[in-house]
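Undergrad: Give me a 3D structure for the following:
(chains A and B)
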Amino acid sequence: MKHFSAARLLREAVRGQSGWTEHWRSPDRPAPAYDAVIVGAGGHGLATAYYLAKQHGITRVAVLEKGWLGGGNTGRNTTIIRSNYLMAESAALYDHAVKLWEGLSRELNYNVMFSPRGVMMLAHTVHDVQVAKRHVYANQLAGIDNDWLSPAQAQAYCPPLRLDAGMRYPVLGAALQRRGGTARHDAVAWGYARAASALGVDIVQNCEVTGIRRDASGAICGVDTTRGAVSARRVGVVAAGHTSVVMAQAGVRMPIESYPLQALVSEPVKPCFPCVVMSNTIHAYISQSDKGELVIGAGTDAYTSYSQQGGLHIATHTLDAICELFPQFRRMRMLRNWGGIVDVTPDRSPIIGKTPVPGLYVNCGWGTGGFKATPGSGHVFAHTMAHDAPHPINAPFALDRFRTGQLIDEAAAAAVAH
Amino acid sequence: MSLRFSFDGRSYLGEPGDTLASALLANGVRLLGRSFKYHRPRGLLAAGSEEPNALVEVDRGYGARTPNLRATQVEVYDGLVARSQNRFPSLGFDLQAVNDLAAPLLSAGFYYKTFMAPRGAWAKLYEPLIRRAAGLGRAPDVADPDHYASRYAHCDVLVIGSGPAGLAAAVAASAGGARVILCDEQPRFGGSLLADRSARIDGLAAPDWVAAQVGVLASRPEVTLLTRTTAFGWYPDNMVGLAQRLTDHLPEPDPTLPRERLWQVRAKQVVIAAGAIERPLVFPGNDRPGVMLADAARTFAVRYNAAPGQRAVIATTSDTAYRAALDLQACGVEVALIADARLRADGPLPAAARAAGIRVETGMRVLATRGRRGIRVAIMGRIDLDGRVRNREWVRCSLLGMSGGWTPSLHLFSQSRGELRFDPASETFLPGASAAAERSAGSCRGVHGLDDALADGAMAGSAAAHDSGFDAALPAPCHVEGAAQAGWTSPVPARRKQRRAFVDFQNDVTSKDLLLATQEGFHSIEHVKRYTTTGMATDQGKTSNMNALSIVAAELGRPVPAVGLTTFRPPYTPVTFGTLAGYSRGVLFDPVRTTPVHGWAAAHKAVFEDVGLWKRARYFPRGDEDMHQAVARECRTVRSAVGLFDASTLGKIEIIGADAAEFMNRMYVNAWTKLAPGRCRYGLMLGENGFLMDDGVAGRLAPDRFHVTTTTGGAPRVLAQMEDYLQTEWPELQVWLTSVTEQWAVLAVQGPRARDVLAPLVDGMDIEAAAMPHMSVAVGSIVGVPMRLFRVSFTGELGFEVNVPAGHAQAVWEAVHARVEALGGCVYGTEAMHVLRAEKGYIIVGQESDGTATLGDLGLGWAIAKAKRDFVGKRSLDRADMTAVGRRQLVGLLTADPACVLDEGAQLTEAAAAPVGTRSLGHVTSSYGEATLGHSIALAMLADGRARLGETVYAQRPEGAMPVRVVDPVFLDPKGVRLNA
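TA: Below you'll find the predicted structure:
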């Protein structure tokens, strides 16, 4: 892997860019055998492969991808990064990720443009204030930055915020995580792919896993793909919305429902929005990309589906909320609107760990918020696959919690209104 | 009548029908914008919505400023004020054009390779610089003064596009009476026919034929004609979104009119006649002002009478540009040369061009252009098979019209999930198998000649009408003259190794960037798009995607379909947020729900809080009382005398049917079978996961009838869960559910004198304790109004809840209030209600419980009817963790300092010192200042709380830890003496 740097950019500028080489190797087909196979070349899968190779010395790794790498939710999300979760387990997981985000560009030698511009979550009702303060206090105790701001402080941090009297949903305050922010989603996938490839990981695109093989003892012994069979004793499934489909090949039923989730961007404009603002009460979140587009997240359809096409009313409902909060953006225009398939667990928290099948591991269920966890998720999942035992951080996120009842239900903890 | 408008502060004249683009062109203005990255001077490339370069800001001056509009779509009106964007200090002299000199440094994806050191510098140093350089126009900064409309429509046939195919389709489809909607993004119907000066259809000049057809359509009552209306997206089940622009073209729009309207059209059948977009040629200097699409040049000259140049060179790979050359010549433009990259050009149009005396050279291409801020010279030449240039020739010109063939507009077809089919002959994708009830017609499916397009449209319209159930005879074919058949031949691919040539004009993506991306291993077109940003500008790659794809495919040596096509995403052209939001604004964004006594409360100076959609009276301050003083007074009054509270927002569901009790047994944890009519029970409902979901009192009015209450916020959720089970799991149960939240107003009368308040009002009912004990319900009347009277309490006092029909609530309220006042009572709000119930240790769902709390955690395990075979959530209760040690349990807290009021949400710890990472034992769920007990109180969820009664833990506060004693959550009257009075 040739090092990226300003000096190298300058050198290549002079010699007509002839020295740049491919960011990752693109083998046509997988080798016959690997020490570990990852199913799914999204951010989480690629990060897993990278940390397997980098931290655990397992370099005979294949990442098998049905389509093109980073083409699923990694390239479709609204790039928000934060760790101000209420539950200690979640906060630990996401803060692990934030700490990795902070050094990720240097770690990968790929500018993933992590930008801690602050994530501000608005409170509009007395109940919102109670919930937000509970988050703030819990985070502060856990050492995770999260501050309670008065309406005026919130507006000072985010000047486009309006505090007009008589708004349908007035801003009563906000919780601000300053270390939160955004990153360039594609670069995350590409950076991990490049770094993993350089360590020997094979990333095979257009290679769909069609079967999961188990030996006489029931343990994993390989996978069948559209580009040939592969033997491996460890298989990690990181297939997001299609995890249920892949896991069914190993006879494992997953407690997951898949929904289309939409997002949209406006046309690019000059800088007008400094941070990330979220409002759970009126279902809106918004930030501005480096290119200048307002990036806006919409909701999921009410129906389960594998179609990456949501209903128009879902997108318009989100714009209702954005225009209500920021009436100055009413004349902005929607440039692109798209959907992705999110995999939702019963407690809305991910599943990261072992499965009933020896040698089969699963990392899924990130629902609407997986991007922010990418480095942390890959890091602890690699640990789990390397040691056949979870990292302390992902131990609570085991599949069997739905049997024991030890749920990690952020949404329930935050969203029940009285 | 000329129209006066301004661009960048200079005043110009335009003509009615002009776009800003055509009017500026007619005024000799060729520089309209700067590109995104290199700030290269740019003129018009196109004449329609595919224009990538000429983006402007239009300012109406009253806060109605819109960035990023295409000059080709902005209609000129008298007084129009437009400005160029993304340049400093001026369009003519833009300092950021220095970027162009640094272009080798700014190659595709350069920003992924640098700006990484030192740690943190990206966000602090580099990113702010990049952000300032990026972006196009300026976002509006004041609230939009305009308003927007939306409507839904159903039709038999929706026809999208009104060129020859679309018009013919609409006429054919509507002939048998079908409801037809015809929409077109332009201000006038006709599409390409508006720029056709030679064709005659059925003996009429093209624009006259258009007028005649529009006349026919307008005379048919079932036809809806929508101009300035873009079909921007296709959604499931033949729902098409249309954005209609209503006032932007008017000099002084009526302020009561909406600016734009969203149509959500559910169409039985759709005819897509979206046309085709001409493809630019890729050569060095192809972005100089004056280089434009050949057909755009023709459109400006013919339709707008705006000469795009004095002396033209036409460079083409197909026949249609010959039509442009002929029309330009006829409009007075000198056509110096037609350079056809093909080796032969023998069709009728090339023949006509030669006959008109135009020099035609085959095998010739554009090698480069020259000129400052506009083309002055086109350097032409022939290229050998071995790549050597021969016959180099400099041709002086002010217009270079280029045509690389036509790209059918597949956006909507693709969004409808239709399959795309690659046609190698034309190097285009065409519609393949349909997935929705739609059909394409005309040039969007590769049918290009005028007579063919008319016939294709008529056939499609007629078939669509037939498929939606109407008689549809195919109309007689049109007789077309003068529209020489344009030959359709393969575009000649761009040269691979060449100097920088632009592919995506707006985003400044060059052929070199695309080659670099492939060199760096980005082989999927989706990767190339994201790495180079080609096709991601505000034109969404309308003029660039196919060129990018061809270049990448050629470089990889793969067939085009193997490289793939990027997904077509809505919208077709950008859609105003306000249009999508429509009427949703203020109270129409979310309805405000008010109770029948809201007006009375407002008149009595209530301070309201939002609870869900409801406005609830939080407290009723008297004089200059603050909230705490008012609440304390209200609480004391309830405890000492009586209080009146509006509980109308409580959800209410009437459950009726022979199996009503069985249904209640299954939905709630409690036992209902033996509950006698006239009695009530505190019902607890779990989610499937076994955690508390909602609570409320249910009264049994009759063996087959329950009156169930829910929490205010939980009402829809509870009814949904009930209906879900009833409809999907137990359809055999004879049970009917009706939401009656809005039908019954609820007046809570609470306090030792509650019975005295009601006794004289309740029309002869016996409400003494013997006849109406705690947790009973009776039907009767109050001051002559029908009533369901519940004896229940959420305060710990003797209490009644008077349910009366909402329409009579105000009268009953006033009668009851008069009695309350007479007995020394007062009205109280939600805040006092919260305090009173907390003193009694009653939970609020969503405050004490949060969706992770079991009934055991909340001290409510007693309610579970252990003998019941099943109820929702029962199975989950067997999970090990539901009864594990260490669960957080409901307790009361007393602060060491009785005046100290803890913050709700405050964390509880074992020790006063709480270094980072200290384990939380739980949190304060409710906390209130002194009201009736002489000290503050708090409720909390605390790990193993019930085992800790009497212990001291610490509540963490910003100002320091506060020691708190763990106590029973019932602070008042644990025996219930007051309650049962």
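Undergrad: Show me what from the stretch 601-750 of chain B comes close to chain A.
TA: With CB under 8 Å from any CB of the partner chain as the criterion, the stretch 601-750 of chain B comes near chain A at residues B:609, B:610, B:611, B:612, B:618, B:689, B:690, B:691, B:711, B:712, B:713, B:714. The C-beta positions use only the backbone N, C-alpha and C, and glycine is treated the same way.
Undergrad: now for these, which pair is the farthest apart?
TA: Spatially, the most separated pair among these is B:618 and B:690, at 33.3 Å (CB to CB).
Undergrad: Nearest spatial neighbour of the residue of the stretch 451-600 of chain B found nearest chain A, chain-adjacent residues omitted?
TA: Taking CB to the nearest CB, chain A has its nearest neighbour within the stretch 451-600 of chain B at residue B:521, 2.8 Å off. Spatial nearest neighbour of residue B:521, excluding adjacent residues (CB to CB, 6 or more residues apart in numbering or on different chains): residue A:22 at 2.8 Å.
Undergrad: For my notes, confirm residue A:361 occurs in a strand.
TA: Yes. Secondary structure of residue A:361 (DSSP: H, G, I helix; E, B strand; the rest coil): part of a strand.
Undergrad: tell me the pLDDT at it?
TA: pLDDT recorded at residue A:361 is 98.
Undergrad: Looks like it contacts residue A:236 (just checking).
TA: Yes. Using CB atoms under 8 Å, residue A:361 is in contact with residue A:236, at 4.4 Å.
Undergrad: residues shared between the contacts of those two?
TA: Both residue A:361 and residue A:236 are contacted by A:381, A:385, under the criterion CB atoms under 8 Å, 6 or more residues apart in numbering or on different chains.
Undergrad: higher neighbour count, these two?
TA: When neighbours are counted by other CB atoms under 10 Å in any protein chain shown, residue A:236 comes out ahead of the other of residue A:361 and residue A:236, with 29 against 25.
Undergrad: Just give the strands next to the strand or helix carrying that one in its sheet, each with its orientation.
TA: Following DSSP states H and E, one finds residue A:236 within strand A:235-237. Strand A:235-237 has these partner strands in its sheet, going by DSSP bridges: strand A:36-39 (parallel), strand A:360-364 (parallel).
Undergrad: Quick check: which of those strands is buried the most?
TA: Sort the strands paired with strand A:235-237 by mean neighbour count, taking mean count of other CB atoms under 10 Å in any protein chain shown, and strand A:36-39 sits at the top with a mean of 30.
Undergrad: on contacts alone, who are the packing partners of whichever helix or strand comes after it?
TA: Next helix or strand after strand A:36-39 toward the C-terminus (DSSP H and E): helix A:43-56. Here helix A:43-56 touches strand A:36-39, strand A:61-64, helix A:185-198, strand A:360-364, helix A:374-387, going by 3 or more CB pairs under 8 Å, 6 or more residues apart in numbering or on different chains; DSSP states H and E.
Undergrad: Out of these, the one nearest residue B:286 is which?
TA: Comparison of those against residue B:286 by CB to CB identifies helix A:185-198 as nearest, at 27.8 Å.
Undergrad: Run through who's touching the helix or strand just after that closest one.
TA: Sequence order places strand A:202-204 as the next helix or strand after helix A:185-198, per DSSP H and E. Residues outside strand A:202-204 that contact it (CB under 8 Å, 6+ apart): A:24-31, A:34, A:41, A:46, A:49, A:61-65, A:69, A:193, A:196-197, A:225, A:227.
Undergrad: Pull out the buried residues from those.
TA: Among the contacts of strand A:202-204, those buried by neighbour count (16 or more other CB atoms under 10 Å in any protein chain shown) are A:24-26, A:30, A:34, A:41, A:46, A:49, A:61-65, A:69, A:193, A:196-197, A:225, A:227.
Undergrad: Around residue B:473, how many other residues sit close by?
TA: By other CB under 10 Å, the residues close to residue B:473 number 11.
Undergrad: Residue B:267 versus that one, what's the distance?
TA: Here the criterion is CB to CB, to the nearest Å. By it, residue B:473 lies 22 Å from residue B:267.
Undergrad: How about residue A:111?
TA: From residue A:111 to residue B:267 the distance is 47 Å (CB to CB).
Undergrad: can you check residue A:406 too?
TA: As judged by CB to CB, residue A:406 and residue B:267 stand 51 Å apart.
Undergrad: more neighbours, the two?
TA: residue B:267 (26 against 17).
Undergrad: Mind listing what's buried along the helix or strand that contains the more buried one?
TA: Taking DSSP H and E as the definition, one finds residue B:267 inside strand B:260-272. Of the residues in strand B:260-272, B:260, B:261, B:262, B:263, B:264, B:265, B:267, B:268, B:269, B:270, B:271, B:272 count as buried by neighbour count, 16+ other CB under 10 Å.
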